[in-house]
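> sharing a sequence plus its predicted fold:
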Amino acid sequence: MSNLKITPLAIPDVLVIEPKKFGDHRGFFSETYNARAFADAGIDLRFVQDNHSYSAEPGTLRGLHYQGAPHAQDKLVRVLRGRILDVAVDLRRSSPTFGKWVSAEISAEAWNQILVPAGFAHAILTLEPHTELLYKVSNYYAPSHDFGIRWNDPELAIDWPISEDKVILSDKDAKQPFLKDVADLFD
Ligand SMILES: Cc1cn([C@H]2C[C@H](O)[C@@H](COP(=O)(O)OP(=O)(O)O[C@H]3O[C@H](C)C(=O)[C@H](O)[C@H]3O)O2)c(=O)[nH]c1=O
């Protein structure tokens, strides 16, 4: 009996994972990652780096980011505190869903995680103050291959629940290219 509940999204390579939480009078315990349990569930990945980000204000948007081959990263994202809308965009040229996106709400309360495979661009929008992410990646940070696409690219038409005048972006993310300007980069 697996302690993992796995739900594929509309692009089925993107998965929402809910590890079991063992509650008692003291609080709770949960195995938030177990390589064998994940492999038994078909998620056989080797993660090499943990990342942790903190965003003070709701409406903070980080992304759309991806690392180009051969440094592409699978990402296993969970929220230690707060709530996010997590968005993944299929950048696999050969995929029938190239340029399509899926999203899921990931939160400490829901105790869920999202697996965004290599080949996808990834972004998060915080929905509460003081939101903290902890996520595993399957390839090391490679600044020379750290690329992005504009969060509000009209070709992607991501249904963000925030307006351009309210979103909080890094200078880098405010100037990311549009998909049409980088599409030939993808294999
Ligand atoms: C990603 C990364 C960044 N950095 C350094 C580079 C910058 O000096 C600083 C902040 O980086 P950045 O503004 O890219 O951080 P985020 O905007 O949170 O980007 C992340 O957020 C979205 C949601 C993602 O999917 C990626 O994991 C990642 O791109 O950390 C590192 O030293 N190592 C790393 O692995």
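Sure thing, it's come through. Numbers count the residues shown, from 1 in each chain.
> use CA for all of it now, contacts and neighbours both
OK.
> output the longest helix belonging to this protein.
Criterion DSSP state H: the longest helix present in the chain is helix 35-40.
> can you name the farthest residue from the center of the chain?
Most distant from the centre of the chain: H25, at 32.8 Å, with distances by C-alpha atoms, centre = their mean.
> residue contacts, it?
By C-alpha atoms under 8 Å, 6 or more residues apart in numbering, H25 lies in contact with nothing.
> and for the one 5 residues further on?
Contact partners of S30, counting by C-alpha under 8 Å, 6+ apart, are 19-22.
> again, but for I124
60-63, 84-87.
> just V89 next, same as before
So V89 contacts 98-102, 120-122 (C-alpha under 8 Å, 6+ apart).
> if any of the residues you listed are buried, put those into a ChimeraX selection.
Buried members of the contacts of V89 can be picked out in ChimeraX with the line below, counting by 16 or more other C-alpha atoms under 10 Å:
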select :99,100,101,102,120,121,122
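> now, which of the contacts of V89 sits nearest the ligand?
Nearest to the ligand among those: H122, at 4.7 Å, using C-alpha to the nearest ligand atom.
> quick one, phi/psi of the residue farthest from the centre of the chain?
Phi and psi for H25, reported as degrees, to the nearest 10, are phi -60, psi -20.
> same question, H145
phi -120, psi 20.
> quick revisit: for L9, state which of the contacts of V89 is nearest.
Proximity of the contacts of V89 to L9 (C-alpha to C-alpha) peaks at V102, which lies at 6.9 Å.
> and the pLDDT at the closest one?
On pLDDT, V102 comes in at 98.
> got it, and the one 5 residues further on?
For S107, the model assigns a pLDDT of 98.
> tally of neighbours for the closest residue to it other than its chain neighbours?
In this structure, S107 finds its nearest non-sequential neighbour in R83, 4.2 Å apart by C-alpha to C-alpha, 6 or more residues apart in numbering. Here the number of neighbours of R83 (other C-alpha atoms under 10 Å) works out to 25.
> let me see the contact set for R83.
R83 neighbours (C-alpha under 8 Å, 6+ apart): 105-109, 126-128, 131.
> now do P117
Per C-alpha under 8 Å, 6+ apart, neighbours of P117: 13-14, 73-75.
> isn't R92 up against G119?
Yes: using C-alpha atoms under 8 Å, R92 is in contact with G119, at 5.4 Å.
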